[in-house]
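Trainee: Take a look and give me a structure for this.
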Amino acid sequence: MRTLTALAIFAGTARADLAGDAQKLAAGWATSGEVRRLPARFVERGGLRPLLLPAAFSDPLREDCVTVAVLGTTSSTFLLRFLPSNGALSWPDGEHPELSVAGGAQLVRCGVRKAMLERLALEMRSPRGAVEVLVARGARPFPPLTRLLAARSPGAFAGPGIAGPRAVPEPLERRIASHAARARRDGASAVSQRSVSADSAGRGRVRFELEPGCHRVSLLSGSAGQNVDLDADLALGASSEPVASDRSEAADATLGACLAERAIATLTFQGAAPGGGASLLVEHYPLPAELPPRWAPEERARIAQALRQHRGPSQLSAPVFTARGVSGITLLPLELEPDACYVAAVAAVRGQSAGVALSAELGRRQAQNHGGPDASGTTLAFCARGDASARLNVEVRGDGVAWLLGLFRAGRARVGEQAE
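Mentor: A predicted model of the protein is given here:
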């Protein structure tokens with residue numbers, strides 16, 4: 001009897017602490033926007049339980065951000081998952097499960113991607129437990145719950161262990177040959193090479209001319225047998241703002257840029273061996289011939305930069321559909337050929353971009369992609385698979401942004417064939 005009484009007291013205390021945390025989080029978020037605390041629920045292990053968020057919080061036509069937090073006891077473990085949208089037993093790309101930490105999980109969706117929240121569900125991994133669900137919306141994502149609930153913070157994570165010394169790069173001549181062979185395979189029209197030197201601190205700067213087109217710029221460390229980590233920035237013209245950067249932990253740095261007119265490029269680097277040398281390779285790729293001449297040169301360069309993200313078929317048609325817009329969310333109805341596959345490319349052509357995303361709805365299927373917080377464009381590939389129409393959602397954020405979109409046919413597939 002004493003054991004049962006103790007368990008009951010412990011369970012009651014845990015629920016009280018959970019309710020207190022939910023109330024504290026709601027109060028902390030209330031200063032940033034609208035917050036709604038849903039009724040607490042008790043969940044058993046196994047199966048998926050939809051969270052059934054209020055419909056107003058998943059409206060894709062609003063340009064706000066929605067933050068969802070799920071709280072359990074600090075010892076509970078659960079996952080937040082998105083139910084499949086087409087009935088198939090698979091998770092759409094880019095919608096990975098969110099694992100709870102210290103009994104809490106939080107995720108954010110903005111703009112048109114809020115429609116995903118209709119399919120948000122909870123999978124309990126602990127035997128059972130009560131959970132609190134809070135949903136909030138505002139102009140920007142809400143603070144992380146660990147900032148307002150100190151007890152939910154897991155603390156500092158230990159850094160990765162050292163598995164061994166960094167790999168020593170191959171001899172410079174062999175790496176140059178490998179880059180040149182890759183350039184030929186990718187269709188480069190020209191490859192130039194020159195030597196550069198680093199100062200006593202391992203830093204350097206080199207200026208060179210770039211022709212109109214797309215370029216892959218590689219800086220290869222010449223310090224054979226030494227562990228170096230080259231970081232580099234590429235700027236164009238008189239601007240000091242880089243158009244591309246490489247901060248990877250590697251002995252070589254690779255950057256890319258597309259431009260519409262001849263320009264002087266400035267490459268600055270650090271991390272080379274003090275007083276050592278490096279080899280600079282510049283690959284040139286003409287702007288795609290499929291881009292319409294009616295587009296301004298800078299617009300063709302921006303779309304070409306976005307298309308370089310695409311890893312599918314290199315042969316595209318001339319655009320079968322084009323559109324222009326400004327910052328915000330734009331819904332575009334499309335007419336499709338039922339056996340065709342497509343690549344959509346969108347790029348900011350004016351203003352300062354703060355993020356670009358695309359999604360396509362084809363019946364019950366959905367595809368989506370985004371360029372990341374610093375990208376000015378992105379692409380999305382999809383196949384009609386028998387559908388004669390689709391809806392394309394363009395979401396572009398930023399200051400004074402105007403964007404251009406082109407839809408290209410990328411081949412054909414038999415209806416029912418898994419071609420994506």
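Trainee: For burial, what's the neighbour tally of the closest residue to Thr77 other than its chain neighbours?
Mentor: Spatial nearest neighbour of Thr77, excluding adjacent residues (Cβ to Cβ, 6 or more residues apart in numbering): Arg125 at 4.2 Å. Backbone N, C-alpha and C define where each C-beta goes, glycine included. Neighbours of Arg125 under the rule other Cβ atoms under 10 Å: 13.
Trainee: same deal with Leu117?
Mentor: For Leu117, the count of nearby residues is 21 (other Cβ under 10 Å).
Trainee: what does Leu79 give?
Mentor: Using other Cβ under 10 Å, Leu79 has 17 other residues around it.
Trainee: does it count as helix, strand or coil?
Mentor: With DSSP: H, G, I helix; E, B strand; the rest coil as the basis, Leu79 sits in strand.
Trainee: what's near enough to touch it?
Mentor: Applying Cβ atoms under 8 Å, 6 or more residues apart in numbering, we find Leu79 in contact with 97-100, 105, 122-123, 125.
Trainee: my guess is Arg302 meets Ser376, correct?
Mentor: Yes - when contacts are counted by Cβ atoms under 8 Å, Arg302 is listed as touching Ser376 (6.7 Å).
Trainee: Name the residues contacting each of these two.
Mentor: Joint contacts of Arg302 and Ser376 (Cβ under 8 Å, 6+ apart) are 347-348.
Trainee: ok, Val206 - contacts?
Mentor: Val206 is in contact with 194, 196, 266-267, 280, counting by Cβ under 8 Å, 6+ apart.
Trainee: Correction: the previous question concerned Leu407.
Mentor: 319-322, 334, 342-344, 392.
Trainee: So Arg302 and Ser376 - more neighbours on which side?
Mentor: More crowded of Arg302 and Ser376, by other Cβ under 10 Å: Arg302, with 26 against 23.
Trainee: ok so, going back, any chance of a ChimeraX selection covering the buried ones in the contacts of Leu79?
Mentor: Buried residues within the contacts of Leu79, by 16 or more other Cβ atoms under 10 Å, are selected in ChimeraX with:
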select :98,100,105,122,123
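Trainee: Which single one of the contacts of Leu79 is nearest to Leu405?
Mentor: Nearest to Leu405, judged by Cβ to Cβ, of the contacts of Leu79 is Glu98 at 30.7 Å.
Trainee: nearest spatial neighbour of that closest one, skipping sequence neighbours?
Mentor: The shortest distance from Glu98 to any non-neighbouring residue, by Cβ to Cβ, 6+ apart, is to Leu80 (4.2 Å).
Trainee: okay, now the one you found: neighbour count?
Mentor: Leu80 has 20 neighbours, counted by other Cβ under 10 Å.
Trainee: thought it was touching Leu107?
Mentor: Yes - look at Leu80 against Leu107 with Cβ under 8 Å: they come within range, at 6.2 Å.
Trainee: any common contacting residues for those two?
Mentor: Common neighbours of Leu80 and Leu107 (criterion: Cβ under 8 Å, 6+ apart): 68, 98.
Trainee: which one among the contacts of Leu79 gets closest to Val356?
Mentor: For the contacts of Leu79, the minimum distance to Val356 (Cβ to Cβ) is 23.5 Å, reached by Glu98.
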